[in-house]
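Novice: structure here, sequence nowhere to be found:
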């Protein structure tokens with residue numbers, strides 16, 4: 001989803017188990033920086049916005065270390081695909097699909113996300 005990030009009254013919502021969960025204010029997201037949010041089931045999600053205003057949400061847990069750190073990773077693009085690189089071991093995860101770009105057998109959960 002693409003939005004102007006200047007809009008301050010919008011909420012970021014994640015689709016979880018058939019329902020939408022309000023995660024944070026859209027104004028909390030800065031392009032290129034992640035935000036960790038606590039989900040109702042106790043897990044964490046990492047939320048990102050890019051400079052074009054597109055929103056992304058992944059599981060915050062790095063599957064290689066078990067640490068909840070993906071929200072602190074560096075964002076970039078590889079072959080036109082947006083990714084976040086884990087701050088620990090530097091594996092890159094596609095922000096749209098959750099697929100690890102460095103190990104095709106590994107994936108994190110990608111959540112449907114919108115601003116309303």
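Specialist: Received it, and whenever you're ready, just let me know what you need. It should be emphasised that the depicted structure is a prediction, and the values quoted were computed from it without experimental measurement.

Novice: quick one: the strands in this protein?
Specialist: Listed in chain order, the strands of the chain (DSSP state E) span 11-16, 19-25, 35-38, 44-49, 55-59, 74-78, 81-85, 92-94, 113-115.

Novice: which one of those strands lies nearest to residue 101?
Specialist: Closest to residue 101 of the strands of the chain is strand 92-94 (C-beta to C-beta; 4.2 Å). From N, CA and C alone the C-beta is placed, and that goes for glycine too.

Novice: ok, back up a step: out of the strands of the chain, which comes closest to residue 104?
Specialist: Residue 104 lies closest to strand 92-94 among the strands of the chain, at 11.0 Å (C-beta to C-beta).

Novice: could you tell me how far the closest one lies from the centre of the chain?
Specialist: 10 Å (C-alpha atoms, centre = their mean, to the nearest Å).

Novice: for it, name the packing helices and strands.
Specialist: strand 81-85 (3 or more C-beta pairs under 8 Å, 6 or more residues apart in numbering; DSSP states H and E).

Novice: if we can go back for a sec, reformat the strands of the chain as JSON lines; add mean pLDDT and mean neighbour count.
Specialist: Below are these laid out as JSON lines (pLDDT from 0 to 100; neighbours: other C-beta atoms under 10 Å):
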{"stretch": "strand 11-16", "mean pLDDT": "96", "mean neighbour count": "19"}
{"stretch": "strand 19-25", "mean pLDDT": "95", "mean neighbour count": "15"}
{"stretch": "strand 35-38", "mean pLDDT": "97", "mean neighbour count": "17"}
{"stretch": "strand 44-49", "mean pLDDT": "97", "mean neighbour count": "24"}
{"stretch": "strand 55-59", "mean pLDDT": "98", "mean neighbour count": "24"}
{"stretch": "strand 74-78", "mean pLDDT": "95", "mean neighbour count": "14"}
{"stretch": "strand 81-85", "mean pLDDT": "97", "mean neighbour count": "20"}
{"stretch": "strand 92-94", "mean pLDDT": "98", "mean neighbour count": "22"}
{"stretch": "strand 113-115", "mean pLDDT": "96", "mean neighbour count": "18"}
